[in-house]
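J.: kindly generate the corresponding structure for this input.
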Amino acid sequence: MAPASGTLFTGHDLTCIRGERLVFAGLDFALGAGDALLLVGANGSGKSSLLRLMAGLLRPAAGAVRWSGESIAADPETHNARLHYVGHLDPAKAALTVNENLSFWARMGNGSGTVAGALESFDSASLADVPGRFLSAGQKRRANLARLAASPATLWLLDEPTTALDAAATDCLMAAIARHRADGGMVAISTHAGLALDGARFLDLDTFAGRPDAAGAAP
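T.: Take a look at the predicted model:
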């Protein structure tokens with residue numbers, strides 16, 4: 001599936017170095033409205049690093065990440081406002097309830113969603129009044145993912161989002177991703193779980209590991 005016409009989020013000839021290790025090189029990607037990109041590869045192949053490059057949290061050693069042809073480094077605040085990045089950690093203030101934690105994150109974004117609706121979309125309404133310190137790993141993950149619905153953004157960058165989720169919660173996530181894409185949103189997901197997303201493309205980072213002459217996106 002080729003990226004849709006219109007706004008494109010792209011990376012060209014990207015090289016990532018962490019410490020003194022070449023993680024990947026010669027990597028391209030492209031996302032258009034409604035697209036999903038699944039990042040696969042062995043541990044250490046750079047899936048998380050690529051998501052951080054996409055989010056502007058890391059700078060590439062070479063190459064460029066662009067939104068509609070403009071480098072995201074030129075206006076990092078604008079880029080940050082158009083995305084949600086969900087990493088491995090699920091931050092939650094221990095003394096605050098799930099509702100209070102989520103309200104905080106919604107205010108940090110555009111806040112156009114509702115906290116109650118966001119919790120409902122991830123089957124977490126019963127957790128609204130539970131303090132963060134009492135949440136299990138799976139409950140923290142569901143509450144963190146509810147940020148996607150509480151404060152909508154065009155680009156979702158999700159690092160192993162199904163970690164600690166049960167089957168029902170994973171179904172909620174898949175439904176949220178489908179709605180997001182239907183509304184023209186984009187999503188890039190690192191995964192070992194073999195997620196089934198209609199029309200998604202795969203990017204195998206093993207292809208680019210330590211190979212400066214590698215180029216092109218996976219089909």
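J.: what's the average pLDDT for the helix or strand where T170 lies?
T.: Using DSSP states H and E, the element containing T170 is helix 167-182. The average pLDDT within helix 167-182 is 94.
J.: and what of stretch 136-143?
T.: For stretch 136-143, the per-residue pLDDT averages 90.
J.: rewinding a little: centre of the chain to whichever helix or strand comes after the helix holding T170, how far?
T.: Under the assignment DSSP H and E, the closest C-terminal helix or strand after helix 167-182 is strand 186-190. Centroid separation between strand 186-190 and its chain, computed with C-alpha atoms, centre = their mean, to the nearest Å, is 5 Å.
J.: quick one: strands adjacent to strand 186-190?
T.: Using DSSP bridges, the strands paired with strand 186-190 are strand 36-40 (parallel), strand 155-159 (parallel).
J.: nearest to L14, of the ones you listed?
T.: L14 lies closest to strand 36-40 among these, at 12.6 Å (C-beta to C-beta). Every residue, glycine included, has its C-beta placed from N, CA and C.
J.: buried stuff in that closest one?
T.: Using 16 or more other C-beta atoms under 10 Å as the test for burial, strand 36-40 gives 36-40.
J.: tell me the two of those residues that are most distant?
T.: Across the buried residues of strand 36-40, the longest distance by C-beta to C-beta is 12.8 Å; it joins A36 and V40.
J.: with distance to D75 and mean pLDDT added, can I get the strands paired with strand 186-190 in JSON lines?
T.: Formatted as JSON lines, these follow (distance: least, C-beta to C-beta, whole Å; pLDDT from 0 to 100):
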{"stretch": "strand 36-40", "distance to D75": "23", "mean pLDDT": "96"}
{"stretch": "strand 155-159", "distance to D75": "14", "mean pLDDT": "97"}
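J.: got any ranges where this protein has weak pLDDT?
T.: 1-7, 109-113, 193, 210-219 (pLDDT under 70).
J.: now the helices for it?
T.: Using DSSP state H, the helices of the chain run over 47-55, 76-81, 98-108, 115-121, 137-145, 147-150, 167-182.
J.: of those helices, flag the one that's most buried.
T.: With neighbours taken as mean count of other C-beta atoms under 10 Å, the helices of the chain reach their highest mean count in helix 147-150, at a mean of 25.
J.: would you mind extracting the C-alpha trace of that one into CSV?
T.: The C-alpha coordinates for helix 147-150 follow below in CSV (Å, rounded to 0.1, in the frame of the first residue of the first chain):
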residue,chain,number,x,y,z
ARG,A,147,-4.4,9.5,26.0
LEU,A,148,-4.7,8.8,22.3
ALA,A,149,-8.5,9.4,22.5
ALA,A,150,-8.4,12.1,25.2
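J.: fine by me, we can end here.
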